[in-house]
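Asks: structure for the following, please:
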Amino acid sequence: MIDDRKINSNIGVMQNIILENREKLNVTGINDVLSFDDQVIILSTELGMLTIKGEELKINKLNIDESEIKVEGNINNISYSQNTEDKKGDSLFSKIFR
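Replies: Numbering: from 1, shown residues only. Below you'll find the model as predicted:
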């Protein structure tokens, strides 16, 4: 059975992800940067948590007012996870490094 609340909660949400040659990434529709280093960037978006993994990652432009971020580096993985409440006993770091 499909949960109508999940479907309707994403109506009107706009997000673009543009990846050029696995080296330049432009993401719109972000809410916040939760964590970043040269190998992992974790973003909060209306569509869930967005994790970017790679090597030598750099944030070249960050504009929270316009909900936009530009990242450069060797991008190996881009993945979403749902914005769900933490399971009892699971820390943020244990979820990140699964």
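Asks: what helices or strands is the lengthiest strand in the chain leaning on?
Replies: For the chain, the strand with the greatest residue count under DSSP state E is strand 48-63. Counting contacts by 3 or more Cβ pairs under 8 Å, 6 or more residues apart in numbering; DSSP states H and E, strand 48-63 packs against strand 30-36, strand 40-45, strand 68-81. Using the backbone N, CA and C atoms, a C-beta is placed for each residue, glycine as well.
Asks: that one pairs with which strands, parallel or anti?
Replies: strand 40-45 (antiparallel), strand 68-81 (antiparallel) (DSSP bridges).
Asks: E56: which of those strands is closest?
Replies: Closest to E56 of the strands paired with strand 48-63 is strand 68-81 (Cβ to Cβ; 4.4 Å).
Asks: for the helices and strands packed on strand 48-63, give me JSON lines that also has mean pLDDT, distance to L57 and mean neighbour count.
Replies: Putting the helices and strands packed on strand 48-63 into JSON lines (pLDDT from 0 to 100; distance: least, Cβ to Cβ, whole Å; neighbours: other Cβ atoms under 10 Å) gives the following:
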{"stretch": "strand 30-36", "mean pLDDT": "94", "distance to L57": "7", "mean neighbour count": "14"}
{"stretch": "strand 40-45", "mean pLDDT": "95", "distance to L57": "6", "mean neighbour count": "19"}
{"stretch": "strand 68-81", "mean pLDDT": "96", "distance to L57": "4", "mean neighbour count": "16"}
